[in-house]
Structures are given as structure tokens and as C-alpha cells.
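**Q** Sequence and computational prediction follow.
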Amino acid sequence: MGFASRIAGVLPLFGYVSGVFAQDVPSRYNLQQPVTRIATEIYSMHTLMLIICLVIFIAVFGVMFWSVIHHRKSRGAVAANFHENTAVEIAWTVVPVLILLGMAWPATKTVIAMKDTSNPDITIKATGYQWKWGYDYLQGEGEGIRFLSGLSTPRAQIKGAEQKGDAYLLEVDNPLVVPVGKKIRVLVTAADVIHSWWMPAFGVKQDGIPGFIRDTWFAADKEGVYRGNCAELCGKDHGFMPIEVHVVSAEKYAEWVKSKQAQTSSAAADDGREWALAELVDRGEKVFAANCAACHQADGKGLPPAFPPLDGSPVVNGDKAAQIQVVLKGRSGTAMAAFGEQLPDADIAAVITYTRNAWGNKTGEAVQPAEIVAGR
């Protein structure tokens with residue numbers, strides 16, 4: 001499917017085998033085991049084309065080596081003096097045409113089926129950010145659910161301070177959850193640079209382009225945990241942007257929907273109340289680790305000049321309103337993303353409060369969700 005040119009950052013997907021995966025068959029030397037009709041067709045075409053290529057390889061090199069051995073000069077062979085042979089010309093024109101048609105017909109049918117996103121049971125919008133995914137359930141059961149999904153592999157494992165876990169670099173804090181057997185339409189876009197939503201076991205790979213909506217679909221036939229990754233080079237943490245999809249029964253999906261809806265109600269309550277400074281700092285530390293530490297680093301020192309330090313920053317230690325605007329709207333022409341559409345008011349208030357009271361910053365000030373609402 002043309003993935004070779006974009007393989008950087010997705011190597012962990014190949015050869016991984018674990019009980020926590022739905023893919024029980026090793027994929028080191030082949031595609032992941034398919035769990036959708038489209039993925040099965042892709043797998044079959046992949047196998048068919050490999051067989052055809054192998055047959056051609058054996059035939060061509062077999063004839064070549066036979067000719068080299070049996071028509072060598074030491075055996076008295078004399079070079080042919082003919083330059084045209086109508087039968088040969090026809091053969092090497094017709095045979096390749098038949099081979100191409102034999103491969104093109106099933107490929108065309110599969111591509112057409114891949115583009116048929118009509119009549120979905122559930123529609124989900126997947127938005128790529130640097131470096132996480134945002135999911136919005138737009139249609140079907142679960143409509144209105146919205147959350148971010150980011151890498152949950154501990155930083156200590158990434159830095160080699162701890163032993164790597166079973167799902168190293170492929171685990172997320174909030175997986176996408178869908179019911180088995182249902183047609184899921186995925187609207188893919190991006191908020192900053194080009195990303196790509198790639199799920200090999202589903203036969204899905206769709207680029208997310210800022211300012212554009214492109215769609216794809218899948219219908220998983222088997223319950224389980226399936227993993228993919230961003231397949232478009234998208235910046236510093238491209239290789240730390242996994243996708244995790246849980247395919248569950250209709251009953252478990254209904255339970256998950258209720259749980260997420262309850263979390264949404266709780267988040268709305270958090271946005272509307274007054275917080276103590278200590279509460280905001282504690283919550284803000286977690287929000288910072290999940291959303292900001294990749295660029296500004298856990299110690300607040302950043303990675304200048306692309307990612308400036310927050311420790312001692314005049315913006316962080318200055319006027320609260322100015323910092324609120326930077327976090328909400330980002331900074332044009334820089335790597336600073338706009339978090340106004342990504343995080344709830346309470347999380348934004350908490351992370352700003354944390355940065356103003358962490359490391360060497362000791363403003364002693366708390367930023368409340370109401371101030372974030374005003375800043376919007």
C-alpha cells in the first residue's frame with residue numbers, strides 16, 4: 001500500500017506479539033492478520049501479487065541461467081543473427097498485459113469498496129495534533145462524546161530507565177472504542193501539520209490534512225485490541241503518536257458510552273466550580289505531562305530554540321491574561337499549538353496554574369476556569 005516511504009516511526013508495529021493484542025499471529029514477515037473485509041482483500045491481493053512476482057522471477061532467471069549455461073561459447077554456441085521475431089514480440093506484449101489485468105481487476109474492486117463510506121452506523125471525527133489524536137463521536141450511539149488520545153508509555157521506559165512494557169510505544173490513555181460488526185465512518189483531518197490515521201489490521205490508512213476533511217471506514221469482525229500509528233512524518237514526536245482501537249460487544253459498548261457521558265457531565269461540573277491552588281497544581285501537573293512535556297520537557301527547560309523554556313519565562317511569570325491567550329490560541333509561525341479546542345477549561349486553568357508555580361516559578365497565583373471562559 002505504499003507504506004515503505006513512510007516507515008519511520010511505525011517500526012514498532014511489525015513483529016509485535018503479545019496476549020494483549022487481538023493480532024495473535026506474528027507480523028514480522030507479513031501484514032497483520034486482517035479483521036475487516038477490506039483488510040482481508042488487501043491481504044489476499046498482497047499474497048497473490050507476491051506469488052505472481054515469484055513466478056515471474058523464477059521464469060526469467062531460470063531462462064537466463066539456462067541460456068548462459070547451455071549457450072556458452074565454450075560449447076560452440078554461435079550468437080543468433082536474427083533481429084525480429086513476430087511471435088516473440090506478440091508474446092512479450094500479451095503476457096504482461098494479462099498479468100497486469102489479472103492484478104488490476106481485484107485491486108480496482110477493493111479500492112472502490114474502500115471509498116464507499118455511505119450508510120455508516122457510527123461516524124467519528126479523528127483529528128491529528130502534534131502529537132496525539134482527538135476523537136469526536138458525531139453520529140450514532142455515543143454522539144457527543146469527545147476526548148483526546150495520547151501515548152501512555154511512561155517516559156522512564158522511553159529513556160531506558162525502566163524495562164519496556166508489552167505495548168511499548170503502542171499504548172494510549174484513551175483508546176477509541178467501537179462495537180463489533182458495525183460500519184464505522186472515520187472523518188480524518190489535522191489541526192497543525194499533515195498526519196495519517198493508519199490501522200493495518202483494518203486495512204485503513206487515511207491522511208489528515210489541515211483545513212480538509214477526508215473519510216474512510218471499517219467494520220471489524222472480531223473483538224479485541226488493535227493498534228496502529230500515525231504514518232506521516234509530522235514532527236519531533238511522530239513515532240510517539242499511536243492509535244489504539246478497542247472493538248467490543250454491543251453490550252460493552254453501551255456501558256462505555258454511559259461511562260463517557262458521565263465523565264463529560266463531571267468535566268462540565270469541573271469547569272463551573274472554584275478550585276483551590278493546590279488542587280489546580282496537582283491536576284495541572286498531570287495535564288502538563290500528557291500535553292506539554294514532550295516539547296517543554298518535564299523540568300520546564302524546553303529544547304531551545306524551537307521549544308522555549310517555561311522555567312523563568314517572562315510569559316509564564318507575567319500577566320495571566322497574556323499566558324491564557326497563548327495557551328488558548330497558540331502562536332502563529334511557531335510550534336506552540338492552540339489548546340483551546342483540545343482541552344476543557346478546567347484542564348487549561350490547571351496547567352497554567354501549574355506552570356506558574358512549578359520549578360523556579362513561584363507566582364502563588366491560581367487561574368480559575370472562569371478566567372479561561374473569559375479569555376475565549
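**A** Perfect, thanks for sending it.
**Q** quick one: the helices in the stretch 1-150 of the chain?
**A** 37-70, 86-114 (DSSP state H, counting those that start in this stretch).
**Q** I'd like those helices as a markdown table, with mean neighbour count and mean pLDDT appended.
**A** For glycine as for every other residue, the C-beta is placed from the backbone atoms N, C-alpha and C. Listed next are those as a markdown table, based on neighbours: other Cβ atoms under 10 Å; pLDDT from 0 to 100:
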| stretch | mean neighbour count | mean pLDDT |
| --- | --- | --- |
| helix 37-70 | 13 | 91 |
| helix 86-114 | 11 | 88 |
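**Q** which stretch among those comes nearest W198?
**A** Relative to W198, the nearest member of those by Cβ to Cβ is helix 37-70, separated by 12.0 Å.
**Q** Quick one: distance of the closest one to the chain centre.
**A** Counting by Cα atoms, centre = their mean, to the nearest Å, helix 37-70 is centred 32 Å from the centre of its parent chain.
**Q** repeat for stretch 189-198
**A** Going by Cα atoms, centre = their mean, where stretch 189-198 is centred and where its chain is centred differ by 8 Å.
**Q** Need the residues that contact it.
**A** 3, 6, 10, 125-130, 133-134, 186, 188, 204-214, 216, 228-232, 234-235, 241, 243, 337-338, 341-342 (Cβ atoms under 8 Å, 6 or more residues apart in numbering).
**Q** and if you look at stretch 281-301?
**A** 131-132, 148, 150, 155, 173, 236-237, 240, 275, 302-303, 306-311, 335, 339, 342-343, 346-347, 349-355, 357-361.
**Q** Take these and keep only those in strands.
**A** K132, L148 (DSSP state E).
**Q** Could you give me the PyMOL syntax to select whichever of the contacts of stretch 281-301 are buried?
**A** Command for PyMOL that selects the buried part of the contacts of stretch 281-301, burial taken from 16 or more other Cβ atoms under 10 Å:
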select buried, resi 131+132+148+150+237+240+275+302+307+308+309+310+311+335+339+342+343+346+347+349+350+351+352+353+354+355+357+358+359+361
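**Q** buried ones in stretch 141-150?
**A** Those would be G142, I145, F147, L148, S149, G150, for stretch 141-150 by 16+ other Cβ under 10 Å.
**Q** which one among these gets closest to M103?
**A** S149 (36.8 Å).
**Q** And the contacts of stretch 263-273?
**A** G144, I145, R146, P344, D345, A346, P369, V373.
**Q** before we move on, back to that, report the buried members of the contacts of stretch 189-198.
**A** Applying 16+ other Cβ under 10 Å to the contacts of stretch 189-198 flags 6, 10, 125-130, 133-134, 186, 188, 204-209, 216, 228-232, 234-235, 241, 243, 337-338, 342 as buried.
**Q** tell me the contacts of A337?
**A** Contacts of A337 by Cβ under 8 Å, 6+ apart are Y129, Q130, A191, D192, G330.
**Q** So which of these are in strands?
**A** Reading strands off the contacts of A337 with DSSP E, I get Y129.
**Q** From the contacts of A337, which shows the smallest pLDDT?
**A** Model confidence across the contacts of A337 bottoms out at G330, which has 84.
**Q** Which stretches in the stretch 101-250 of the chain count as strands?
**A** With strands called from DSSP state E, counting those that start in this stretch, the stretch 101-250 of the chain shows them at 122-129, 132-139, 146-149, 176-179, 184-190, 195-199, 204-208, 214-218, 224-230, 242-248.
**Q** Please name whichever of those is nearest to R75.
**A** Among these, strand 204-208 sits nearest to R75 (Cβ to Cβ), with 53.4 Å.
**Q** Okay, now the unreliable bits of this structure?
**A** 1-28, 82-83 (pLDDT under 70).
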